[in-house]
Each structure stands twice: as C-alpha cells, then as structure tokens.
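Engineer: Got a predicted structure here, sequence first:
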Amino acid sequence: MRLANYYRSLLQRLPALSVNADQVRVLHSAADFKSRLLALIATAKTRICLVALYLQDDDAGREILTALHDAKQANPALDVRLYVDFHRAQRGLIGHKGQGGNHCMYQEFAERYEHPIAIYGVPVKGRELLGVLHLKGFVFDDTLLYSGASINDIYLHQNGRYRFDRYHEITDAGLADTMLDYVDRLFAHHPAVPSLNQADIPTARRLRQPIRQFRQQLRRGQYQFKHESRQSGEVAVTPLAGLGKRGNKLNKAIRLLVRSTQQRLFICTPYFNLPKSLARDIRAQLKKGREITLVIGDKTANDFYIPPDQPFRTIGGLPYLYEANLRRFARANQTFIYKGRLNIMLWHHDHNSYHLKGLFVDDDLAMITGNNLNPRAWGLDLENGLLLQDPEHKLRSVFEEEKANILQHCRRLTHFTEIEQLSDYPEPVQRLLKRVQRTQANVLLKRLL
C-alpha cells in the first residue's frame, strides 16, 4: 500500500485544471453521442473544432459534415475546423476496393457552399502503417465532447448497427481553451498539415521534410495551462498527450494509475495486445491481491471480424490473433481467475462491435482516453487522454453507472479453455496463423497492431 500511495502522490503533483464535478456528464450509447454531437453543432456560437482519426464518406459522415456547413452558413463568423489523419483521409475502408478517399467528399462540400469549413490532414508519420493521428476531442464553445469514436455510420449507430465506445461531455472554458490551444500551436499553419479541401493535396513524399520536423514537434508537444488548485465540489483534470515510447507523458500516467491501485482496477481495451510494461504492472497488482477487471470485446465484436460464411480476407485474421493473446494471458493467470481477483469480461451484443478504452482506479481516479493500450498506441500513434482525480468521490455514482452500462452485455470468463484455440478456427484462419507463426511475423505484428 505504501508504494501505491507513492504513485498516487506522483499523480497529484501533475498540473491540473479544476473542473466543477456537476459539469462532467457521461453518455451511454452511440445514438446518444450522435444526438448530442448534432445538438452541440447547431448551438455553437463562436467555435467548433473536431479532431478525429476520420470523418467517413457515408450517411452519418455526410450528415455531420452537412450540419457543420449549415452552422457555418448561418453564422459565417463561426470558426469551424476539422482535423483528421492525413493518410486515412485519402484512402477507402480496408477491404473495400475501388472506394475513394474521404477527401473527395470534403472537396465536393467545399465547392457547394459559399462559406466552406476548414478541413486539414495531420500526418503523424510519413506512412499510415507507422503512426496515425489518434488524438481525440471535439470542442464546441466551452464544451468538450470526448470519445474514442470516429465519425461514420457504425460509430454513430446509423443503419441499425453500432460500435460501442465511451462518451464524455465536460463543460469548462479552461479545459476547452487548453484542448484548442494544443491544436493551434502544433497543427494550425504548419506546412506539414495541408488543407484537404484543395484539389491539389501534396503527397507524403512532397511533405517528407516538413513531416519529419512536425513529428519532432509532436514528440515534444504537450498541453499548456496554468495549474488550478482543486476546490470542494471539483475534480482535477489533467490533459495529456503522447507520441513515441520515450518521454511519453500519457504512457507514464497510465502506468502510474495502474500502480496506484489500492483495491480495484477496471480496464477497457478493444484489442488485447498489452504493452509488456503494462502487462507486468497488471501482473504485479494481481500478486498484491488487487481485484482487476478487464473488459474486452469478444472476437466476433472486433472491427475486423469476418463471419465464417463470408469470403475471408487477410485482415480478418486480426481478431483471432488478439484472441490468441487473450487465451495465453488467461492461461498464465488462471489461478487469479479462480480466486476472483481477475475478472475477464467478454463483451458481445448482437452484430455490434466494441471499441472501449480507459481505466478506473478504486473510486477516485479515472483515465478517459482513445488509447487502445497496445504497442501501437504506446509507441507509434499520437494519443491523448484526460486524467481525472476525484478525492471527494463526486463522480463515483456517475462512473459506477458507466461501468454498469459497459458490463451490461458481458460474460465473465471462468476458465481459459472457454476461449477457442487454433484448431477451433476456420481453415483459412488456421492457414494464415500457421504461416504467421512459421515466419515469426507475429513479433512484428504485435508492435504494429
């Protein structure tokens, strides 16, 4: 317990913004998230800034993009900006051949409206495989809407299916200013961050030198704000960003959170491929007698899952790779499962998918983040998160309700043999995974996935 208190003291030394606990709200569904997103767009008076991996050319994407343009036409002075990943914006969905990039839709909308909105592509690395913009946060005047979700049909529960995520709304001028200041300092007007509205978008090759400089700035960049002492009725909120393994403040804060656990740790991750350091921390907490709950999507709730009755594509092997990781982890920690210290909860709901990330520690600490808690997030992508410290337990009931909502469609794993193994998989999957094992490509894949 002494070590846990020490790690908590390190978290308490972090600069923070003091936010009224009553201004922290949790939404519980993709449909609610979409409704709130449209409402905030319609009522914004001075500024809208959306940062997401992508805004897709589909029904939901076009609806949101139309709402943004309509808001701009109604109030031309409204500052409306959208930042998406540079590479992701210029290709179609994986496995959808012949599909154009989302930038074509952005250009189409720009030509249609008298007052276009600003849409920029952020290249974290020279190639998408090596790192993307995984930063999260939508600012509407003084309100921050934060989720791991991007903008497309499934994330917004359009056309009958949804991808489950976490959704948080915090109204605080200081926090909104801080989130927007980061974007202004690092993204706005940088030569590596081109407009995606223009017909001639420079290639990554043309931007090679600016991207290198940009990457170095992102590694050093951090949220800047004046520390505010928490008062009664308030929670301390620390925005954190991170890129790369070295000096990554977000990664460090996540590890401190895990190691500061005194009783209970609750973790959500969609792709079970924990960084080695985080896996060690979790194992150490289990040995100390802490209760740990891991909420993970069943492989059939993975973004890339392909039902056996459909044509198999290589990308469809990913859910099985993640499940194999989970089976090994569960087998190694079966004793803790028996003792009730380790609760592995598998989420599954009809044909929907699971995309939750984040941590709850005891009743007073939480991390709201889009970080997948995997090696890719740990070392390649640009990530961010909000550390919440709530010593008065003002948000305990709010977060308990959120956890209950998350667990609604979960089943607890009682033995590692409940998870399928290689011999249980469809033949195309078996052939793929055997080939991966023979070539030892799984070592590389674990770093990139």
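Structural biologist: The structure has been received and is ready for your questions. From a predicted model like this one, the values you see are computed outputs, not experimental measurements.
Engineer: ok so residue 69 is a strand residue?
Structural biologist: No: assessed with DSSP: H, G, I helix; E, B strand; the rest coil, residue 69 is helix; it does not lie in a strand.
Engineer: Count residues in the vicinity of it, would you?
Structural biologist: Counted by other Cβ atoms under 10 Å, the residues lying close to residue 69 total 20. All C-beta spots, glycine's among them, are computed from the backbone N, C-alpha and C.
Engineer: got it, and residue 75?
Structural biologist: Neighbour tally, residue 75, other Cβ under 10 Å: 14.
Engineer: can you pull the pLDDT of the residue nearest to the spatial centre of the chain?
Structural biologist: Computing the C-alpha centroid of the chain and ranking residues by Cα atoms, centre = their mean puts residue 370 first, at 1.8 Å. On the pLDDT scale, residue 370 is placed at 97.
Engineer: any weak-confidence spans in the protein?
Structural biologist: Within the chain, the ranges that satisfy pLDDT under 70 run 92-100, 440-449.
Engineer: where exactly do the strands run in the stretch 201-350 of the chain?
Structural biologist: Secondary structure of the stretch 201-350 of the chain (DSSP state E, counting those that start in this stretch): strands at 234-242, 264-269, 291-297, 342-347.
Engineer: orientation of the third one relative to strand 264-269 in degrees?
Structural biologist: For strand 291-297 against strand 264-269, the angle between stretch directions is 20 degrees (axes from the mean of the first three to the mean of the last three Cα atoms, to 10 degrees).
Engineer: In its sheet, which strands sit next to strand 291-297, and in what direction?
Structural biologist: strand 264-269 (parallel), strand 342-347 (parallel) (DSSP bridges).
Engineer: For residue 201, give me its contacts.
Structural biologist: 90, 103, 121, 194, 195 (Cβ atoms under 8 Å, 6 or more residues apart in numbering).
Engineer: The third one: which element?
Structural biologist: In this structure, residue 121 sits in strand 118-122 according to DSSP states H and E.
Engineer: buried set for whichever helix or strand comes after that strand?
Structural biologist: Of the helices and strands lying after strand 118-122 in sequence (DSSP H and E), the nearest is strand 137-140. Judged by neighbour count using 16 or more other Cβ atoms under 10 Å, the buried positions of strand 137-140 are 137, 138, 139, 140.
Engineer: And strand 137-140, what does it pack against?
Structural biologist: For strand 137-140, the elements it packs on are helix 30-43, strand 47-51, strand 143-147, helix 173-186, judged by 3 or more Cβ pairs under 8 Å, 6 or more residues apart in numbering; DSSP states H and E.
Engineer: Could you double-check that residue 58 sits in contact with residue 153?
Structural biologist: Yes: with contact defined as Cβ atoms under 8 Å, residue 58 counts as touching residue 153 (4.8 Å).
Engineer: Contact partners for the closest residue to residue 112 other than its chain neighbours?
Structural biologist: Counting by Cβ to Cβ, 6 or more residues apart in numbering, the nearest residue to residue 112 once its immediate chain neighbours are dropped is residue 69, at 7.8 Å. Listed by Cβ under 8 Å, 6+ apart, the contact partners of residue 69 are 109, 112, 113, 115, 116, 117.
Engineer: Pull out the buried positions in stretch 369-385.
Structural biologist: So for stretch 369-385, counting by 16+ other Cβ under 10 Å, buried means 369-385.
Engineer: got it, and stretch 393-408?
Structural biologist: 394, 395, 398, 399, 402, 406, 407.
Engineer: Nearest residue to the first one in space, ignoring adjacent ones along the chain?
Structural biologist: For residue 394, ignoring the flanking residues on the chain, the nearest one in space by Cβ to Cβ, 6+ apart is residue 21 at 3.5 Å.
Engineer: can you check residue 239 too?
Structural biologist: Closest to residue 239 by Cβ to Cβ, 6+ apart is residue 223, at 4.2 Å.
Engineer: Equivalent analysis for residue 18, please.
Structural biologist: residue 228 (4.0 Å).
Engineer: The helices and strands packed on strand 137-140 into JSON lines, with extra columns for mean neighbour count and distance to residue 237?
Structural biologist: JSON lines is the format used below for these (neighbours: other Cβ atoms under 10 Å; distance: least, Cβ to Cβ, whole Å):
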{"stretch": "helix 30-43", "mean neighbour count": "18", "distance to residue 237": "19"}
{"stretch": "strand 47-51", "mean neighbour count": "22", "distance to residue 237": "17"}
{"stretch": "strand 143-147", "mean neighbour count": "23", "distance to residue 237": "10"}
{"stretch": "helix 173-186", "mean neighbour count": "18", "distance to residue 237": "6"}
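Engineer: now the helices for the stretch 151-300 of the chain?
Structural biologist: Ranges of helices in the stretch 151-300 of the chain, per DSSP state H, counting those that start in this stretch, are 173-186, 208-220, 249-259, 276-287.
Engineer: Check the offset of the strand holding residue 121 from the chain's centre.
Structural biologist: 19 Å (Cα atoms, centre = their mean, to the nearest Å).
Engineer: contact partners of that strand?
Structural biologist: Here strand 118-122 makes contact (Cβ under 8 Å, 6+ apart) with 80-87, 89-90, 103, 106, 110, 133, 135, 187, 193-197, 201, 382.
Engineer: Just the terminal-to-terminal distance for stretch 23-37.
Structural biologist: End-to-end distance of stretch 23-37 (Cα to Cα, to the nearest Å): 17 Å.
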